[in-house]
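Student: Return atomic coordinates for the entry below.
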Amino acid sequence: MGHRVASLRSEAKLGARPLLGLLPALALALSASGCDDGATGTTGAVASGPASIAFVSPAGDAAPECRAIGIDVAARVPLLVAVENVSLRPPLACTGGSACGTVRLFVDGVLNNESASVAIDLLAGKLANPYHDGEVHPGTGAPDLLDLRVELTLPAGEPFVDDAGDVLADEVALRLMHECP
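Tutor: Below is the predicted model of the structure:
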């Protein structure tokens, strides 16, 4: 998974055109996910290894990325994840098999959104304060960042776990600002 995630992350680096920067990685990730066979409603893909999920954009391998939302405190901030060996479906749409599920996004430990695709929006309108500039707070010494976590969730709502019983998840930090430097 490491090579593929690194490849997806390098393709999804955001520049001045953030949505265009996501398109190559989104197309690659969607082509790699399972497909509905249309006839039975079951997945046409067979899991060929352990399930996994990782942030592609924002990438977690560098300093926290910044996303500009201007004055739109209800902005939808696009994020992208890579998912392997799991067919993504809306909640309750999976039929048989445990290699089917949904992506859940948590922001600072609180459920923010769910998605049946590798693209998921951070919903700024659900945050008490959408602006987080990354500056260190004098009182706490901690940077002002949003902690993002994505998890794969089974049809019944419980998280996917690996053979060791650990939840399949990935975490990154993000800055949301009026304008990014």
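Student: was I right about Tyr146 contacting His132?
Tutor: Wrong residue type there; residue 146 is Leu, not Tyr. Yes. With contact defined as Cβ atoms under 8 Å, Leu146 counts as touching His132 (5.0 Å). In this view, the C-beta of every residue, glycine as well, is placed from N, C-alpha and C.
Student: For this protein, just list every one of the helices.
Tutor: Ranges of helices in the chain, per DSSP state H, are 2-11, 18-32.
Student: Show me where this protein dips below the pLDDT cut-off.
Tutor: Residue ranges of the chain with pLDDT under 70: 1-48, 96-98.
Student: Quick one: end-to-end distance for stretch 106-126.
Tutor: Taking Cα to Cα, to the nearest Å, stretch 106-126 runs 11 Å from one end to the other.
Student: Same question for stretch 118-133.
Tutor: With Cα to Cα as the measure, stretch 118-133 spans 26 Å from end to end.
Student: follow-up on the earlier one: joint contacts of Leu146 and His132?
Tutor: Leu174, Arg175, Leu176 (Cβ atoms under 8 Å, 6 or more residues apart in numbering).
Student: Tell me how many other residues surround the first one.
Tutor: If I follow you right, that is Leu174. Neighbours of Leu174 under the rule other Cβ atoms under 10 Å: 21.
Student: Quickly list what it is bridged to.
Tutor: Glu65, Leu146 (DSSP bridges).
Student: check contacts around it.
Tutor: Each residue near Leu174 by Cβ under 8 Å, 6+ apart is listed here: Pro58, Pro64, Glu65, Cys66, Arg67, Val77, Leu122, His132, Leu145, Leu146, Leu148.
Student: make it 6 Å
Tutor: For Leu174, the contact set (Cβ atoms under 6 Å, 6 or more residues apart in numbering) comprises Pro58, Pro64, Leu146, Leu148.
Student: quick one: the last one from Gly125, how far?
Tutor: It refers to Leu148. For Leu148, the distance to Gly125 equals 16 Å [Cβ to Cβ, to the nearest Å].
Student: So between these two, which is more surrounded?
Tutor: Set Leu148 next to Gly125 and count neighbours by other Cβ under 10 Å: Leu148 wins out with 23 against 11.
Student: For the more buried one, give its distance to Gly49.
Tutor: Distance, Leu148 to Gly49, by Cβ to Cβ: 25 Å.
Student: just so I have it, where are all the strands in this structure?
Tutor: 52-57, 65-68, 76-84, 87-88, 100-107, 110-115, 119-123, 146-153, 169-177 (DSSP state E).
Student: Just give me the neighbour total for the residue lying closest to Leu122 once chain neighbours are set aside.
Tutor: Leaving aside its sequence neighbours, Leu122 sits nearest to Val77 (Cβ to Cβ, 6 or more residues apart in numbering; 4.1 Å). For Val77, the number of neighbouring residues by other Cβ under 10 Å comes to 22.
Student: Much appreciated, bye for now.
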